[in-house]
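S.K.: sequence first, then the predicted structure:
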Amino acid sequence: QVQLVESGGGLVQAGGSLRLSCAASGRTFSSYAMGWFRQAPGKERKFVAAIGSSGGSTYYADFVKGRFTISRDNAKNTVYLQMNSLKPEDTAVYYCAASVKTGTPLEREYGYWGQGTQVTVSS
């Protein structure tokens, strides 16, 4: 099993940056592909980005391409989401998740989820 804990959320002005972290427990972290999702108030949860188990492949939703970067450090059991040029529409709860499938944007293919961290972008 994998337990995931996100951190790094907060309040930032439009145009600013935040880096989210997701710390995983368990010795099998490096065998999982990881993803970030987000859920805005009153909306469905959406795929944001994903990374393969070794970090060699990354995938992004169109609305974050060029602004967000996903990375991982398997030695630290941590996956990151660097968010730059933030916009008010990026306001959401951000979740990390683990999957045995690389690069999938489908929630149902992620078996482990964190509790989420709030990101609020003010205009």
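M.R.: Looks like it came in fine.
S.K.: every contact and neighbour count from this point should use C-alpha atoms.
M.R.: Will do.
S.K.: so R67 touches S85, yeah?
M.R.: Yes - using CA atoms under 8 Å as the test, R67 is close enough to S85 to be in contact (6.1 Å).
S.K.: helix or strand for the residue nearest the centre of the chain, just tell me which one.
M.R.: Centrality entry for the chain: nearest residue to the mean C-alpha point is W36, 2.5 Å, by CA atoms, centre = their mean. Using DSSP states H and E, W36 sits within strand 33-39.
S.K.: packing partners for that strand?
M.R.: With contacts defined as 3 or more CA pairs under 8 Å, 6 or more residues apart in numbering; DSSP states H and E, the packing partners of strand 33-39 are strand 46-51, strand 92-99.
S.K.: so for W113, which of those sits nearest?
M.R.: Among these, the nearest to W113 by CA to CA is strand 92-99 (4.4 Å).
S.K.: quick check: mean pLDDT of the very next helix or strand once past the closest one?
M.R.: Sequence-wise, the next helix or strand downstream of strand 92-99 (DSSP H and E) is strand 110-113. Regarding strand 110-113, the rounded mean pLDDT is 96.
S.K.: no further questions, thank you.
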